[in-house]
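A.B. asks: Compute the structure for the input listed below.
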Amino acid sequence: MYLVDKYSIMENMKDTVTIILSTLVGYALWLLLAMVVLGGAVRADTPTQAIHAKDGKACAAMFDDAIKVNIRPECVRELAPIVAAIRYAENGKTYQYGIIHKRCPKGYRPQAGWCAATVQKNWDRWHKAGAKGDFITYLGGIYCPVGAKNDPTGLNKHWIKNVTKFQKRFAYPTK
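C.D. replies: Numbers count the residues shown, from 1 in each chain. Here you go, the predicted model:
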């Protein structure tokens, strides 16, 4: 009888240890998942880092040049993240920044430059009109209007939400 009790105790201890370990592993997996989900939402690349990660070093240099040439220095912290966010939202191979204009040459630098110039010009117009509402919403109505002829599948309806999401990710760290 003594052996049976000793054996039963050992089996119960094994079961208890197994339950504890599986619970700890479960908690660790949930914690890891939470860190991944929250880490993606909290992580903030600079606009140049975001472009480098998406398109490579050469395109990041062209992005920086487009920003330097087309965005006034006092607006860079506000507008460069929006230009990078547009790149991510548009995600085109030929029209990387979604500029489909007969005078805009194909290629990364012209696309980035036209995008940056468009963002700066509309920033100025928005301020001149009183800066009412959200700028990305204002810009979306011009840059990527819902119901446009060149949007037969209706994807433009997602533009404001997507650009806003990416812009928050690419914002410069606060001073």
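A.B. asks: Look up how far residue 89 lies from residue 98.
C.D. replies: 8 Å (CB to CB, to the nearest Å). Where C-beta positions appear, they are placed from N, C-alpha and C, glycine not excepted.
A.B. asks: Looking at stretch 22-35 now, give me its mean pLDDT.
C.D. replies: Taken as a whole, stretch 22-35 has an average pLDDT of 63.
A.B. asks: ditto for stretch 168-175
C.D. replies: Averaging pLDDT along stretch 168-175 gives 85.
A.B. asks: tell me which residues of it are tucked away?
C.D. replies: Residues of stretch 168-175 classed as buried under the neighbour-count rule (16 or more other CB atoms under 10 Å) are 169, 170, 171.
A.B. asks: Ok, stretch 103-122 next?
C.D. replies: 104, 108-120, 122.
A.B. asks: Spatially, which two of these are the most separated?
C.D. replies: 108 and 122 (21.4 Å; CB to CB).
A.B. asks: Other residues contacting the helix or strand containing residue 50?
C.D. replies: Element membership of residue 50 [criterion: DSSP states H and E] is helix 47-55. Identification of contacts with helix 47-55 by CB atoms under 8 Å, 6 or more residues apart in numbering yields 45, 59-60, 63-64, 67, 80-81, 83-84, 87-88, 96, 108, 166, 169-170, 172.
A.B. asks: for stretch 150-165, same thing?
C.D. replies: 82, 85-86, 88-89, 100, 134, 136-137, 139-140, 143-148.
A.B. asks: Could you rerun that using 10 Å?
C.D. replies: Counting by CB atoms under 10 Å, 6 or more residues apart in numbering, stretch 150-165 makes contact with 41, 81-91, 98, 100, 134-141, 143-148, all of which sit outside it.
A.B. asks: do the same with stretch 127-141
C.D. replies: Residues contacting stretch 127-141 (CB under 10 Å, 6+ apart): 75, 78-79, 82, 85-86, 89, 118-119, 122-123, 125-126, 143, 146, 156-164, 167.
A.B. asks: Please flag which of the contacts of stretch 150-165 sit within helices.
C.D. replies: Among those, the members found in helices (DSSP state H) are 41, 81-90, 135-141, 143.
A.B. asks: Please report how far residue 173 lies from residue 116.
C.D. replies: 21 Å.
A.B. asks: can you list the weak-confidence ranges in the protein?
C.D. replies: Regions of the chain meeting the criterion pLDDT under 70 cover residues 1-10, 12-13, 17, 21, 24-44, 175.
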